[in-house]
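1. Here is my input; please provide its structure:
(one chain, ligands or ions: 1)
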Amino acid sequence: MAELNRQWLLRRRPEGVVGVEDFEYREASLPTPQDGEVLVRSLYFGYDASQRIWITEHGGYMPPVGIGEPMRTMGIGQVVASRHPSYAEGDLVTGFLSWQDYVVARVDGPMPLQILPKADYPLTWNLGVLGVGGLTAYFAVTDVLKVQPTDTVVISAATGATGSIAGDICKAMGVKRVIGLAGGPEKCRWITEKAHYDAAVDYKSPDFVARLRELCPDGVDAYFDNVGGDMLDTLFDLMAPRGRVVICGAMSSGYTTPDVPGPKKYMNICTKMLQVQGILLFFYRDRLQAGIETLARWIAEGKIHVEEQIVEGFEHAPRLLPLPFSGKDPGKLILKVADPS
Ligand SMILES: NC(=O)c1ccc[n+]([C@@H]2O[C@H](COP(=O)([O-])OP(=O)(O)OC[C@H]3O[C@@H](n4cnc5c(N)ncnc54)[C@H](OP(=O)(O)O)[C@@H]3O)[C@@H](O)[C@H]2O)c1
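-> Numbers count the residues shown, from 1 in each chain. From the prediction side, this is the model:
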């Protein structure tokens with residue numbers, strides 16, 4: 001076991017776009033787990049836009065990361081010492097870790113560390129397609145939007161870790177027309193050539209609304225909203241009567257504060273009898289395994305395209321944090337810290 005515990009600590013609450021200067025590198029000695037705790041060696045960190053909310057003063061839907069604390073992250077690690085009967089040395093686990101080589105984790109919280117079963121797919125899939133993004137997409141599509149084969153579905157941030165899987169899930173469920181929104185022609189090409197979407201629209205192009213209207217002549221039956229802001233207003237105008245909207249995220253806000261301005265076109269909810277519902281994966285914690293099994297089956301059947309961007313090296317942890325907002329490549333962004341032993 002290494003002697004040093006490398007850490008990235010939150011130095012200050014960022015104003016606007018988060019930067020490397022908002023974090024401080026430190027080397028500490030190894031922590032010791034107490035009764036009920038396990039010591040986990042970090043292997044992979046996943047990047048989620050919501051990490052930006054966790055470092056605001058109020059933290060949003062989770063307690064804020066404190067100044068001087070290691071930055072919170074979803075991650076995969078390996079148990080190196082256990083003082084909890086359910087976890088053994090060598091177990092591979094996933095859950096909330098933090099930006100340090102060694103993390104002492106309590107395992108009785110609302111989202112306890114999950115022991116990863118032996119599987120014939122890459123470990124990193126547990127952070128992306130079989131982790132937060134893929135599972136949120138799964139429950140949002142199947143349980144909230146309840147898509148039907150006759151639906152026209154639109155999904156924003158469609159090259160993201162959540163949106164890309166959401167589109168493929170819709171197609172796996174036989175939906176007639178699935179349209180993705182993304183920034184730029186290259187990403188739009190990826191949506192139809194790599195992911196299984198039927199069409200893509202570049203939301204940065206001047207004819208974005210006209211193009212979307214053209215693709216949805218009878219309106220949009222289901223909208224998967226990852227973006228909020230003006231795009232949500234545009235979609236409210238394009239929704240078909242009795243359409244469904246799932247609010248999954250608000251990328252357009254930059255998440256610099258948990259308070260996001262509401263839509264201006266919300267009277268469409270009334271006049272078209274729209275159903276608008278949020279999603280938070282925590283509410284599905286008892287059903288995660290069923291979601292993982294279905295997603296794994298669809299991947300094996302070639303119905304879901306898995307894309308990951310894996311960067312290697314603990315030193316890069318803060319540099320990657322703003323990328324979800326400033327144009328990352330398609331798929332799940334992951335930092336590799338170490339190999340399992
Ligand atoms: N509710 C939940 O339980 C839950 C769970 C997971 C994720 N989420 C939410 O789902 C959303 C997507 O997460 P993710 O993990 O898929 O993201 P991701 O892989 O980090 O990708 C973020 C995507 O957002 C797009 N984007 C960034 N700024 C944008 C803007 N101003 N307008 C339109 N698109 C923008 C980017 O694509 P372009 O380059 O095309 O702009 C990028 O593909 C986030 O809002 C996240 O908070 C919610």
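
2. Taking the stretch 101-250 of the chain, what residue is nearest to the ligand?
-> Gly249 (1.8 Å; CB to the nearest ligand atom). All C-beta atoms are positioned from the backbone trio N, CA, C, and that covers glycine.

3. and this protein, which of its residues are near the ligand?
-> Within reach of the ligand by CB under 6 Å from any ligand atom, the chain has these residues: 48-50, 132-133, 136, 156-157, 159-163, 182-183, 187, 203, 226-227, 248-252, 279-281, 324-325, 327-328.

4. Any quick ChimeraX command for the buried ones out of those?
-> Only the buried entries of those go into this ChimeraX selection, using 16 or more other CB atoms under 10 Å:
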select :48,49,132,133,136,156,157,159,160,161,162,163,182,187,203,226,227,248,249,250,251,252,279,281,324,325,328
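
5. Skip the chain neighbours and tell me the closest residue to Gly128.
-> Lys332 (3.1 Å; CB to CB, 6 or more residues apart in numbering).

6. end to end, how far does stretch 212-219 reach?
-> 10 Å (CA to CA, to the nearest Å).

7. What pLDDT does the model give the most centrally placed residue in the chain?
-> By CA atoms, centre = their mean, the chain has its centre lying nearest to Gly133, at 3.8 Å. The model reports Gly133 with a pLDDT of 97.

8. in stretch 278-295, what counts as buried?
-> Buried, per 16+ other CB under 10 Å, within stretch 278-295: Ile279, Leu281, Tyr284, Leu288, Gly291, Ile292, Leu295.

9. and if you look at stretch 50-63?
-> Buried-residue list, stretch 50-63, by 16+ other CB under 10 Å: Gln51, Arg52, Ile53, Trp54, Ile55, Thr56, Gly60, Met62.

10. Next: stretch 298-307.
-> Trp298, Ile299, Ile304, His305, Val306, Glu307.

11. of all these, which comes closest to Pro340?
-> Distance to Pro340, by CB to CB, is smallest for Val306 among the buried residues of stretch 298-307, at 19.9 Å.

12. ok, the residue of the stretch 101-250 of the chain closest to the ligand touching Arg52?
-> No - counting by CB atoms under 8 Å, Gly249 stays clear of Arg52, with 11.0 Å between them.

13. contacting residues for Glu308?
-> Counting by CB atoms under 8 Å, 6 or more residues apart in numbering, Glu308 makes contact with Pro122, Thr124, Trp125, Gly128, Gly331, Lys332, Leu333, Ile334.

14. Could you rerun that using 7 Å?
-> By CB atoms under 7 Å, 6 or more residues apart in numbering, Glu308 lies in contact with Thr124, Gly128, Gly331, Lys332, Ile334.

15. Widest-spaced pair of the residues you listed?
-> Thr124 and Gly331 (10.5 Å).

16. just the buried residues of stretch 278-295 now: which is nearest Thr152?
-> For the buried residues of stretch 278-295, the nearest to Thr152 is Ile279 (20.2 Å; CB to CB).

17. Report the helix or strand with the lowest average pLDDT across this protein.
-> For the chain, the helix or strand with the lowest mean confidence is strand 102-106, at a mean of 91 (criterion: mean pLDDT, DSSP states H and E).

18. If you count contacts, what does the next helix or strand after that strand end up packed against?
-> Next helix or strand after strand 102-106 toward the C-terminus (DSSP states H and E): strand 114-115. Contacts defined by 3 or more CB pairs under 7 Å, 6 or more residues apart in numbering; DSSP states H and E place strand 114-115 against strand 92-98.
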